[in-house]
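Novice: kindly generate the corresponding structure for this input.
(one chain, ligands or ions: 1)
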Amino acid sequence: MKPVKTIPKTITTYWQESTLFRYTSYVIAFCLSALLVVIPAAFSQQPVELSFIMLAPETPFFEPLIREFEEQNPDIRLTMVEGPNAANLVEDLNTSAYLLGSSPYDLINLDVVWTSKFAAAGWLMDLSDRFPPEAREPFLEGDIEGSIYNGKLYRVPWRTDAGLLYYRQDLLDQVGAQPPETFTELVDTAKQVQQAGAADWGYLWQGRQYEGAAAMFVEVLQGFGGYWINPDTLEVGLDQPEAIEAASFLVSTIQERVSPPGTTTYIEEDVRRLFQSGNAVFMRNWPYALPLLNEDGSPVQGNVGTRPMVSQPGVDGGGCLGGWGWGISTTTQHPEEAWRVVEFFTSPEVQKRFALEAGFLPSIRSLYQDAELLAQYPYYTDLFEVVQNVVPRPLTAQYAQASDILQRYLSAAFSGRTGAEDALQAAARETRALLESGRPADAQETNEPEAVG
Ligand code: GLC
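Specialist: Alright, predicted model coming up:
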């Protein structure tokens, strides 16, 4: 008890008797108050942090650009989260983040087929005023259409995509064949090359149960003259004879060993690596593969040609429209800073660098006439035709579910679990039920987890 009582007495006594003690106390009190003012001010000047998820293969190309952006914008720090390889798995990650409450991501790198669902769910800021019609004019039409939902624009494209048919010119020369025009020619030539012992495999394509298979199927469907969902009437065409023929064609390539049995597990990179190893004559893939196939040390360097996907005689074929663009999350606290990021990553200069360094196709039309790009990619002149003649996947808010249905039934047909006709009839029934349920974007459901067919 005693010491407790004596302490205040001692301090008071010191305060009264010692000038040095009094002045020291004033100085300490002043310093503490100053710190209380200075520390929060220092924190308020911390850079704003913005985060986003990217497809794994894209991250190496973004790293130097992120550093460059941060040097030019010291008030912003960017956190890039590396996602999986498959586009729909990245979509699932973004979707789950929103379904958990508030997404931690400020920006979203959106596949062209996510726009409607994300916009309908209220997850994307309306960018129509920031990116008005005159600013959209230099961009490819399909990329802009794929960025609009209910008349409002929600994403700014930074790269386009269009499926292509790749062929090995040297192997065609060996058997005296031309690049095919039709599905029949494709298979006949593939078999010729295989029979000549020039390559083990005829045709490589993406057959895993994932979004890439839906994109690949859209091209074959188009080539057979069929359709998935009519955008005007919402009629479903999957059980029409053309669609069944399209699926049967793909199944037959596996059954006849023109395509490897592993096709049912392949995504883009599996197919690209196998083609690059030199053991196949045809491949369906996106344009990103071409610079890789032609890189130094590639066994197929200089021997690869591309053309639009083949079709039935008299039917207009076309590559599937793919591509990516930037949207801003409605959950961000920093829309102004996020918009500066969007402007940077979608600018002509950055799109050109992505094209030169990563082989991604620009979504700005004039870049297809850029001298430096043409010097590196002389085929840009032909590609410009291809990217203007693309087939979109259905632009509906229920796209993720419609695609999920198609993927499941295609996978069952590709792996031989169900006949192509039965599979597509079931897919058509489920798709009709989905569309007839009339539910707007069902943000409550995500794609099923990836299942390897
Ligand atoms: C590419 C396309 C994208 C598509 C995806 C499927 O990334 O750009 O639109 O959905 O491949 O795997």
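Novice: mind checking the end-to-end distance for stretch 308-326?
Specialist: 27 Å (C-alpha to C-alpha, to the nearest Å).
Novice: looking at this protein, which helix or strand is least sure?
Specialist: The helix or strand of the chain with the lowest confidence, counting by mean pLDDT, DSSP states H and E, is helix 2-17 at a mean of 55.
Novice: for the spatially most central residue of the chain, list each beta-bridge partner.
Specialist: Centre of the chain computed as the mean C-alpha position; nearest residue by C-alpha atoms, centre = their mean is Asp111, 4.1 Å away. Here Asp111 sits in beta bridges with Trp324, going by DSSP bridges.
Novice: which residues in this structure form strands?
Specialist: Ranges of strands within the chain are 48-54, 76-82, 107-111, 148-149, 152-153, 156-162, 164-168, 201-204, 280-285, 304-307, 319-328, 390-391, based on DSSP state E.
Novice: now tabulate the ones you listed in CSV and tack on distance to Thr265 and mean pLDDT.
Specialist: For the C-beta atoms, the positions are set from N, CA and C on the backbone; glycine is no exception. Formatted as CSV, the strands of the chain follow (distance: least, C-beta to C-beta, whole Å; pLDDT from 0 to 100):
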stretch, distance to Thr265, mean pLDDT
strand 48-54, 24, 98
strand 76-82, 22, 98
strand 107-111, 21, 98
strand 148-149, 34, 97
strand 152-153, 37, 98
strand 156-162, 22, 98
strand 164-168, 20, 97
strand 201-204, 12, 98
strand 280-285, 16, 98
strand 304-307, 24, 96
strand 319-328, 20, 98
strand 390-391, 25, 96
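Novice: pipe the ones you listed into JSON lines and attach distance to the ligand per row.
Specialist: Formatted as JSON lines, those follow (distance: least, C-beta to the nearest ligand atom, whole Å):
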{"stretch": "strand 48-54", "distance to the ligand": "11"}
{"stretch": "strand 76-82", "distance to the ligand": "15"}
{"stretch": "strand 107-111", "distance to the ligand": "5"}
{"stretch": "strand 148-149", "distance to the ligand": "16"}
{"stretch": "strand 152-153", "distance to the ligand": "18"}
{"stretch": "strand 156-162", "distance to the ligand": "3"}
{"stretch": "strand 164-168", "distance to the ligand": "12"}
{"stretch": "strand 201-204", "distance to the ligand": "15"}
{"stretch": "strand 280-285", "distance to the ligand": "9"}
{"stretch": "strand 304-307", "distance to the ligand": "16"}
{"stretch": "strand 319-328", "distance to the ligand": "3"}
{"stretch": "strand 390-391", "distance to the ligand": "10"}
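Novice: how about the ones you listed, which one is nearest Glu181?
Specialist: strand 304-307 (8.6 Å; C-beta to C-beta).
Novice: for the closest one, what is the distance to the chain centroid?
Specialist: Distance of strand 304-307 from the chain centroid (C-alpha atoms, centre = their mean, to the nearest Å) equals 23 Å.
Novice: what lines up beside that strand in the sheet?
Specialist: Strand 304-307 has these strand partners (DSSP bridges): strand 164-168 (antiparallel).
Novice: ok, residues contacting stretch 79-95?
Specialist: 49-57, 59, 62-63, 66, 103, 105, 108-109, 111, 114, 118, 210-212, 267, 269, 400, 403, 443, 446-447, 449-450 (C-beta atoms under 8 Å, 6 or more residues apart in numbering).
Novice: got a list of what the residue lying closest to Phe275 once chain neighbours are set aside touches?
Specialist: Nearest residue to Phe275, sequence neighbours excluded (C-beta to C-beta, 6 or more residues apart in numbering): Met283, at 4.2 Å. Counting by C-beta under 8 Å, 6+ apart, Met283 touches 165-167, 203-205, 271-272, 275, 289.
Novice: cool, and Ala177?
Specialist: Counted by C-beta under 8 Å, 6+ apart, Ala177 has contacts 189, 192-193.
Novice: turn the residues you listed into CSV, columns for neighbour count, distance to the ligand and pLDDT.
Specialist: Converted to CSV, these look like this (neighbours: other C-beta atoms under 10 Å; distance: C-beta to the nearest ligand atom, whole Å; pLDDT from 0 to 100):
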residue, neighbour count, distance to the ligand, pLDDT
Thr189, 23, 26, 98
Gln192, 18, 30, 98
Val193, 25, 27, 98
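Novice: of these, which belong to helices?
Specialist: Those of these mapping onto helices are 189, 192-193, per DSSP state H.
Novice: and the chain, what are its domains?
Specialist: Listed domain ranges for the chain are 48-161+322-391, 162-320+397-437 (source: automatic domain parsing).
Novice: what about stretch 106-115, start to end distance?
Specialist: End to end - C-alpha to C-alpha - stretch 106-115 spans 16 Å.
Novice: hmm, I was thinking of stretch 176-186
Specialist: Start-to-end, stretch 176-186 (C-alpha to C-alpha) is 14 Å.
Novice: starting at the chain centroid, how far to that stretch?
Specialist: Using C-alpha atoms, centre = their mean, the offset of stretch 176-186 from its chain centre is 30 Å.
Novice: list the buried residues for that stretch?
Specialist: If you call a residue buried by 16 or more other C-beta atoms under 10 Å, then stretch 176-186 has these buried ones: 177, 179-180, 182-183, 186.
Novice: closest to Leu424 among the contacts of Ala177?
Specialist: Comparing the contacts of Ala177 against Leu424 with C-beta to C-beta places Thr189 closest, at 26.9 Å.
Novice: leaving out chain neighbours, which residue sits closest to that closest one?
Specialist: Ala177 (4.6 Å).
Novice: got the phi and psi for that neighbour?
Specialist: Note on Ala177: its backbone torsions stand at phi -110, psi 160 [degrees, to the nearest 10].
Novice: with Gly416 instead?
Specialist: phi 80, psi 10.
Novice: now it: how far from the ligand?
Specialist: Using C-beta to the nearest ligand atom, to the nearest Å, we find Gly416 at a distance of 23 Å from the ligand.
Novice: what's near enough to touch Pro231?
Specialist: Residues counted as contacts of Pro231 (C-beta under 8 Å, 6+ apart) are 394-395.
Novice: could you list the low-pLDDT ranges of the chain?
Specialist: Applying pLDDT under 70 to the chain flags the ranges 1-16, 20-44, 439-453.
Novice: contact residues of the protein facing the ligand?
Specialist: 87, 111-113, 161, 211-212, 215, 268, 286, 322-324 (C-beta under 6 Å from any ligand atom).
Novice: try 8 Å this time
Specialist: Taking C-beta under 8 Å from any ligand atom, the part of the chain that reaches the ligand is made up of 55, 86-88, 111-113, 159-161, 206, 210-212, 214-215, 267-268, 286, 320-324, 393.
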